[in-house]
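**Student:** what follows is a predicted structure for the sequence shown.
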Amino acid sequence: MNKVDTSVLDTITQESVIRLATQQSLPAPPQVVMRLLQVLRGEEFSLADVVEVVESDVSAAAAVMAAANSAANRGVSPTQSVRDAVTRLGARTTRDRVMHQAMQSAFQPRHPALTGLLNKEWALAAAVATLLRRIADPDLGFEDPDSAFTVGLFHNIGMVPLLSAAPALIDIGSAASYYTAARHHASALGGALARRWYLGDAVYATALKCLRPAVDVWGPWTLVGIARQVCAEQLGHQVACDPESLDRAVTLAQQALQRSDVVAWLQDSAVGEAMAS
């Protein structure tokens, strides 16, 4: 089957959302994530506590090392140990990277046509996180750069289970159409996953709102939605571009930020981030 009717796709996606949300089939965080969260919730924790947890899981350690040595985070020389990597990233970013890696492992598409799209979603999340950290400001609704990075990294988590759970009838010819249908139903699922993985109130609110056309009052999720569109265009992730959502979000942002061209401002920030790295 080379073509699937849009209404059929929409129905399939709604059924996937209901099944995932009501049957408690969203996976719980793996043990390494829960241990790390427990450590970080303590009134006092040391660097050694965080390092011990990360070192206990090979995948988590590899993800943290890779993040510390990425273009955006590397220092004068590459980090040679998990301890050095955690020191460079800080506790919160270490937590985010461990969680992000765990999600990538937990959600694997059932159909190969969607693997590429999900990989682009992971790349888009990282790009949005990096951009938001650069522009973070309390006046924009972000407590600090690390908080903005966290929101960006998990803003689109509602898409992840939908792309992973796509039924087998979705073929290469209809993968993009399924993605579009999924985007319109991903918000509630994103909120549920944010709660299940203990990602915090800011991620919860953003996951609920930033993938939908902006109809709400101004909030940081509005800026996240615009950043998503800017980064999607730069990455060539065309199926993620949504002109309707962008137009509505830009109108809200212009009113709230008193900037005549919010998109150009973000594009300049994104280019500056790329040059800095």
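**Tutor:** Alright, I've got the coordinates.

**Student:** what about residue 197, how many residues close to it?
**Tutor:** By the measure other Cβ atoms under 10 Å, the count of residues near residue 197 is 22. C-beta: built from backbone N, CA, C; applies to glycine.

**Student:** tell me the contacts of it?
**Tutor:** Applying Cβ atoms under 8 Å, 6 or more residues apart in numbering to residue 197 gives the contacts 29, 33, 99, 103, 157.

**Student:** and those residues as JSON lines, adding secondary structure and neighbour count?
**Tutor:** Converted to JSON lines, the contacts of residue 197 look like this (DSSP: H, G, I helix; E, B strand; the rest coil; neighbours: other Cβ atoms under 10 Å):
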{"residue": "29", "secondary structure": "coil", "neighbour count": "19"}
{"residue": "33", "secondary structure": "helix", "neighbour count": "22"}
{"residue": "99", "secondary structure": "helix", "neighbour count": "25"}
{"residue": "103", "secondary structure": "helix", "neighbour count": "23"}
{"residue": "157", "secondary structure": "coil", "neighbour count": "28"}
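
**Student:** checking residue 26 next. Helix, strand or coil?
**Tutor:** Secondary structure, DSSP: H, G, I helix; E, B strand; the rest coil: residue 26 is coil.

**Student:** ok, it touching residue 196?
**Tutor:** Yes: counting by Cβ atoms under 8 Å, residue 26 does reach residue 196; the two are 5.3 Å apart.

**Student:** any idea which element residue 217 lies in?
**Tutor:** Counting by DSSP states H and E, no helix or strand carries residue 217.

**Student:** give me the number of residues near it?
**Tutor:** Using other Cβ under 10 Å, residue 217 is surrounded by 8 other residues.

**Student:** look up the pLDDT of the residue nearest to it when sequence neighbours are not counted for me, please.
**Tutor:** Excluding the flanking residues, the one nearest residue 217 by Cβ to Cβ, 6 or more residues apart in numbering is residue 252, at 7.7 Å. Listed pLDDT for residue 252 reads 89.

**Student:** ditto for residue 228
**Tutor:** On the pLDDT scale, residue 228 gets 95.

**Student:** mind checking how far it is from residue 99?
**Tutor:** From residue 228 over to residue 99 the distance is 19 Å, taken as Cβ to Cβ, to the nearest Å.

**Student:** over to residue 198?
**Tutor:** 9 Å.

**Student:** what do these two both touch?
**Tutor:** Common neighbours of residue 198 and residue 99, using Cβ under 8 Å, 6+ apart, are residue 29.

**Student:** what does stretch 205-224 rub up against?
**Tutor:** By Cβ under 8 Å, 6+ apart, stretch 205-224 touches 128, 132, 135, 140-142, 151-152, 154-159, 183-184, 186-188, 190-191, 193-194, 199, 202, 225, 228, 242, 244-245, 248-249, 251-253, 255-256, 262.

**Student:** how about the strands in the stretch 1-150 of the chain?
**Tutor:** Along the stretch 1-150 of the chain, no segments are classed as strands by DSSP state E, counting those that start in this stretch.

**Student:** buried ones in stretch 67-86?
**Tutor:** Buried residues in stretch 67-86, counted by 16 or more other Cβ atoms under 10 Å: 67, 68, 69, 72, 73, 79, 82, 83, 84, 85, 86.

**Student:** ok, stretch 197-210 next?
**Tutor:** 197, 199, 202, 203, 204, 205, 206, 207, 208, 209, 210.

**Student:** also stretch 28-43?
**Tutor:** For stretch 28-43, using 16+ other Cβ under 10 Å, the buried residues are 29, 30, 32, 33, 35, 36, 37, 39.

**Student:** may I ask which two of these are separated the most?
**Tutor:** By the measure Cβ to Cβ, 30 and 39 form the most distant pair in these, at 14.8 Å.
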